[in-house]
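Enquirer: Here you go, sequence then predicted model.
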Amino acid sequence: MFSGWRSHKVNRRISQEEMRSHFLLQKASSYLPDSYGALIRFNSEFCEMIDCSERQRGMAKTLVCLLGVFVLLACGASVLFMLLSDYLSQSIDVIFLLVFAFIFVVIVGGGIWFLWQAYLRYDFFSWRYFPVRFNRVTGKVFVFRSEEFGGVLALDWGDVYWHIGTDETGKVCTLRGHVLNGSTVVDTFSVGNFFHRDEVYRILSLWCFLEKYMEHGPQGAAPASGDEFIYYSTRVSVRNCLVRVVSNLPPLLVSLRHKLFFFYYPLVFSLVLTQWLALKSCREPKWPEFIEAPCASHSERSSIWTEPDRKSVV
């Protein structure tokens, strides 16, 4: 599954599949523009979207890792308690107690460190989301990333090699942008949600939305229904976490929630709590001054789409 800009392979030659999907995007002008829930800000000067890792923040992998941490701590505490009880009852000597206590502390600490380094550090005490900003006035694309992964990436709209990227299995796809040096991929980022391969039309509609916005202005990207509204909320609340969790569950599981209530509702509650804790520990992303300053200098923003008003309920 996609984990955003952290998982992309770089310093390699561009593949034939990426060339074919690039050509497919160039023929997508007949599709209706649609952001498919990836849009978080929109006005006459710039729009912002989430990256593809957003759907996985605080979800199943995070819950499993947290359960792993709990199991490790519980097992470590139980073993240390038994060793201490045996020592107090004089069944073992102090050397035996210290040696085995040290071994279990190393094992438990090493396991927790592994889970933190492998996954949890990306969800906790990080950024709440990683936006991608498209400034149509300056013709720039800005990708928000942690300093650990190179910091903010600033690119010219026309220099980005856009294509449809897939995961290792080839079953999941997303809109992806390459930074090329000749035919060598030197950097990569993704925009918007990921979808099943059978839903590639959603990627084409997302691309059509961005292309019309950057090339023809905000009116070109407006929906045919005239409903100019942003559906995705980045505010952290129990309600928003519940909406995100349910929307990411398999449709079959949601349809069987009344029959599998003993499994469904505890799972949903656990995921909502995990996601809320993860997002609460994170900071709101803040763009550098050189990106925000040009945006603040333009007071005319006639095409501002309404952002959802989701207040925190806790």
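Expert: Perfect, I can see it now.
Enquirer: With adjacent residues omitted, what lies nearest to Cys282?
Expert: Arg128 (4.4 Å; CB to CB, 6 or more residues apart in numbering). Placement of C-beta: from N, CA and C, glycine included.
Enquirer: Who are the contact partners of that neighbour?
Expert: For Arg128, the contacting residues are 234, 236, 279, 282-285, by CB atoms under 8 Å, 6 or more residues apart in numbering.
Enquirer: Write the PyMOL selection for whichever of these are buried.
Expert: This is the PyMOL syntax for the buried subset of the contacts of Arg128, where burial follows 16 or more other CB atoms under 10 Å:
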select buried, resi 234+236+279+282+285
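Enquirer: Restricted to strands, list the contacts of Arg128.
Expert: Using DSSP state E, no member of these sits in strands.
Enquirer: For the contacts of Arg128, could you give me TSV that also reports pLDDT and distance to Glu17?
Expert: Converted to TSV, the contacts of Arg128 look like this (pLDDT from 0 to 100; distance: CB to CB, whole Å):
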residue	pLDDT	distance to Glu17
Thr234	86	33
Val236	89	38
Leu279	92	35
Cys282	92	34
Arg283	91	37
Glu284	90	37
Pro285	91	32
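Enquirer: Closest to Ile103 out of the contacts of Arg128?
Expert: Cys282 (34.7 Å; CB to CB).
Enquirer: Check the gap between the closest one and Thr274 for me.
Expert: For Cys282, the distance to Thr274 equals 13 Å [CB to CB, to the nearest Å].
Enquirer: for the protein, what spans make up the helices?
Expert: 16-26, 60-88, 94-115, 121-123, 200-216, 218-221, 238-248, 251-255, 261-280, 289-296 (DSSP state H).
Enquirer: Pull the residues that contact the fifth one.
Expert: Contacts of helix 200-216 from elsewhere in the structure, counted by CB under 8 Å, 6+ apart, are 24-25, 28-29, 31-36, 38, 47, 49, 134, 136, 139, 157, 162, 164, 173-175, 191-193, 195, 220-221.
Enquirer: rerun that using 7 Å as the cut-off
Expert: 25, 28-29, 31-36, 38, 47, 134, 136, 157, 162, 164, 173-175, 192, 195, 220-221 (CB atoms under 7 Å, 6 or more residues apart in numbering).
Enquirer: Which positions in that helix come out as buried?
Expert: So, applying 16+ other CB under 10 Å, buried residues of helix 200-216: 200, 202-214.
Enquirer: Give me the subset of the contacts of helix 200-216 lying in strands.
Expert: The strands, defined by DSSP E, take in 47, 134, 162, 164, 173-175, 192, 195 from the contacts of helix 200-216.
Enquirer: Turn those residues into JSON lines, columns for pLDDT, distance to Tyr87 and neighbour count.
Expert: Formatted as JSON lines, the ones in strands among the contacts of helix 200-216 follow (pLDDT from 0 to 100; distance: CB to CB, whole Å; neighbours: other CB atoms under 10 Å):
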{"residue": "Cys47", "pLDDT": "91", "distance to Tyr87": "64", "neighbour count": "27"}
{"residue": "Phe134", "pLDDT": "94", "distance to Tyr87": "64", "neighbour count": "20"}
{"residue": "Trp162", "pLDDT": "93", "distance to Tyr87": "65", "neighbour count": "19"}
{"residue": "Ile164", "pLDDT": "91", "distance to Tyr87": "62", "neighbour count": "22"}
{"residue": "Cys173", "pLDDT": "88", "distance to Tyr87": "58", "neighbour count": "24"}
{"residue": "Thr174", "pLDDT": "90", "distance to Tyr87": "56", "neighbour count": "23"}
{"residue": "Leu175", "pLDDT": "92", "distance to Tyr87": "60", "neighbour count": "30"}
{"residue": "Gly192", "pLDDT": "88", "distance to Tyr87": "58", "neighbour count": "26"}
{"residue": "Phe195", "pLDDT": "87", "distance to Tyr87": "58", "neighbour count": "19"}
